[in-house]
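*Asks:* here is my input; please provide its structure:
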Amino acid sequence: MKLPEPSIDARAQSDALLARLSERIRDSGGWISFADYMHTALYTPGLGYYSGGAQKFGAEGDFITSPELTPLFGQALSAQIAEIMSQSAPTVLEVGAGTGHLAADLLLTLDELGCLPQAYQILEVSGELRARQADTLRARAPSLAERVQWIDTLPDTFSGVVVANEVLDVMPVHLLVWRDGGLFERGVSLDDDDHLAWADEPASNALQQAAATLGAPMPQDGEYVSELNLAGEAWMRDWGARLTSGALIMIDYGYPRAEYYLPSRSNGTLLCYYRHQAHPDPFKWPGLNDITAFVDFTAMAEAAHAGGLDIYGYANQASFLFNCGILERLALRGDEREPAYIRAARAVQRLTTPQEMGELFKVMVAGKGLRTPLLGFRRGDRLHTL
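*Replies:* Numbers count the residues shown, from 1 in each chain. Purely as a prediction, here's the structure:
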């Protein structure tokens, strides 16, 4: 696959990050875990993919998220947020707010529903995205933009609704390799020409213990590669101490554990995105590519429960959005023959059909002190599959 060449400035940024990665590898004895590499490539201040200045979302970026397809996504999600706020507190915290379109859609719709949050917080590591979010809010929801507060760290305590749309998939993962000789961790080294290269080391005792419960198939020949998202699990457990009442709404692509570690998925789920093209090489232009892995929702649910949270529902995105009224919202858009309605209907189709995002994306809600069933899981709840 031939990817479009980056600009001179972008290439210089990538080269600077590559030099830093190479130095880190040498300082670490010639090897770092892939989780360490992924964290450095995505989050190094000023150079990493999510903390640098490159445009990431939309037609000019590397991918398009659900809120950018249609405001109907945020409008439907608002119904679930309103229900949770009514049982906890009128506060929303969005983690990684992208272009700000979801924040604008949520604020406008919650205002329409008569349950506007008293505060809307955004945790965002990218300065470029913070500026873009502010511009979006001023343009699309000018009367509500002053309610938005940007924060640098998670609050010590929180009550209300946490929205995490495509957040877990970009948390750094460890790569595990099962083969006849045992369990190994796949990390990053430098070859004889000082280029980034894969290198396997025997897995630590901690990884051995964590992997023992996964049910990954032991290969008779060859190897089986997959991911372990310890950062995501720690994040879920941490919320058990921070959340007083309310819930986290997590929307991401992933599977329950029984589907995550299928024999046929022997190369894992790691993917990179650059200019709307998916490719498998995380060493290509570090800092310019998004690096993601599918989410093991069973692991996230177990970690949330271990932290003291209840799991209130788990469903595919289609069921969740249908329950939250996305089709009713679409019906309000007007004449089915009008171009605006047709565009909206096509976006909803992309969000909900099994061949597109409807089955690939899942929604899980974890929290404290809520009554069930929640709106989004009244039909199609798959909690039993976790």
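*Asks:* where does the stretch 1-150 of the chain have low pLDDT?
*Replies:* The stretch 1-150 of the chain contains residues with pLDDT under 70 at 1, 52-63.
*Asks:* quick one: the helices in it?
*Replies:* Under the criterion DSSP state H, counting those that start in this stretch, helices of the stretch 1-150 of the chain are mapped to 8-27, 34-43, 66-69, 71-86, 101-112, 127-140.
*Asks:* helices or strands next to the last one in the packing?
*Replies:* In this structure, helix 127-140 makes packing contacts with helix 101-112, strand 148-151, judged by 3 or more CB pairs under 8 Å, 6 or more residues apart in numbering; DSSP states H and E. For every residue, glycine as well, the C-beta is placed using N, CA and C.
*Asks:* okay, the angle between that helix and helix 71-86?
*Replies:* 90 degrees (axes from the mean of the first three to the mean of the last three CA atoms, to 10 degrees).
*Asks:* so what's C272 closest to, chain neighbours aside?
*Replies:* Of all residues beyond its chain neighbours, the one nearest C272 is N289 (4.5 Å), with distances taken as CB to CB, 6 or more residues apart in numbering.
*Asks:* pretty sure the one you found sits against Y49.
*Replies:* Yes: assessed by CB atoms under 8 Å, N289 is found in contact with Y49 at 6.5 Å.
*Asks:* residues in contact with both of those two, list them for me.
*Replies:* Residues touching both N289 and Y49 by CB atoms under 8 Å, 6 or more residues apart in numbering: A41.
*Asks:* T91 versus the residue nearest to C272, what's the distance?
*Replies:* Here N289 is placed at a distance of 34 Å from T91 (CB to CB, to the nearest Å).
*Asks:* who has more neighbours out of those two?
*Replies:* N289 (26 against 18; other CB atoms under 10 Å).
*Asks:* from L270, how far off is that one?
*Replies:* 12 Å.
*Asks:* overlap in contacts, those two.
*Replies:* The contact sets of N289 and L270 overlap at P282 (CB under 8 Å, 6+ apart).
*Asks:* not counting its neighbours along the chain, what's nearest W198?
*Replies:* Leaving aside its chain neighbours, W198 sits nearest to R186 (6.0 Å; criterion: CB to CB, 6+ apart).
*Asks:* quick one: that neighbour and F34 touch, right?
*Replies:* Yes: R186 is in contact with F34 according to CB under 8 Å; the separation is 6.0 Å.
*Asks:* of those two, who's got more company?
*Replies:* Per other CB under 10 Å, whichever of R186 and F34 has more neighbours is F34, with 23 against 20.
*Asks:* can you report phi and psi for P172?
*Replies:* Torsion angles at P172 (phi, psi; degrees, to the nearest 10) stand at phi -60, psi 130.
*Asks:* hmm, I typed the wrong one, I wanted S266.
*Replies:* According to degrees, to the nearest 10, the main-chain angles of S266 amount to phi -80, psi -10.
*Asks:* nearest residue to it other than its sequence neighbours?
*Replies:* Nearest to S266 is Y224, by CB to CB, 6+ apart, at 4.9 Å.
*Asks:* what's opposite that neighbour in the beta bridge?
*Replies:* The partner list for Y224 in beta bridges (DSSP bridges) reads W178.
*Asks:* show the contacting residues for it.
*Replies:* 177-179, 216-218, 263, 266.
*Asks:* make a ChimeraX selection of the buried ones in these.
*Replies:* Restricted to buried positions by 16 or more other CB atoms under 10 Å, the ChimeraX selection for the contacts of Y224 reads:
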select :177,178,216,266
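*Asks:* what's the closest of the contacts of Y224 to P354?
*Replies:* Looking at the contacts of Y224 and their distance to P354, the nearest is P263, at 22.4 Å (CB to CB).
*Asks:* per-residue confidence at the closest one?
*Replies:* For P263, the pLDDT comes out at 92.
*Asks:* cool, the one 3 residues further on as well?
*Replies:* In the predicted model, S266 carries a pLDDT score of 94.
*Asks:* contacts only, for it.
*Replies:* Listed by CB under 8 Å, 6+ apart, the contact set of S266 reads 219, 222-225.
*Asks:* after the longest strand seen in the chain comes which helix or strand?
*Replies:* Taking DSSP state E as the criterion, the chain has its longest strand at strand 243-255. Remark: after strand 243-255, the chain's next helix or strand is helix 257-260, criterion DSSP states H and E.
*Asks:* hang on, the earlier thing: who wins for neighbours among the contacts of S266?
*Replies:* Counting neighbours by other CB under 10 Å, V225 comes out on top of those with 21 neighbours.
*Asks:* what about that residue, distance to G287?
*Replies:* Noted for V225: a distance of 24 Å to G287, by CB to CB.
*Asks:* intersection of neighbour lists for R186 and F34?
*Replies:* L175.
*Asks:* on that earlier part again, list of residues touching the strand or helix carrying the residue nearest to W198?
*Replies:* Per DSSP H and E, R186 falls inside strand 182-190. If you take CB under 8 Å, 6+ apart as the criterion, strand 182-190 is touched by 21-22, 25-26, 30-34, 36-37, 174-178, 196-204, 207-208, 211, 225, 283.
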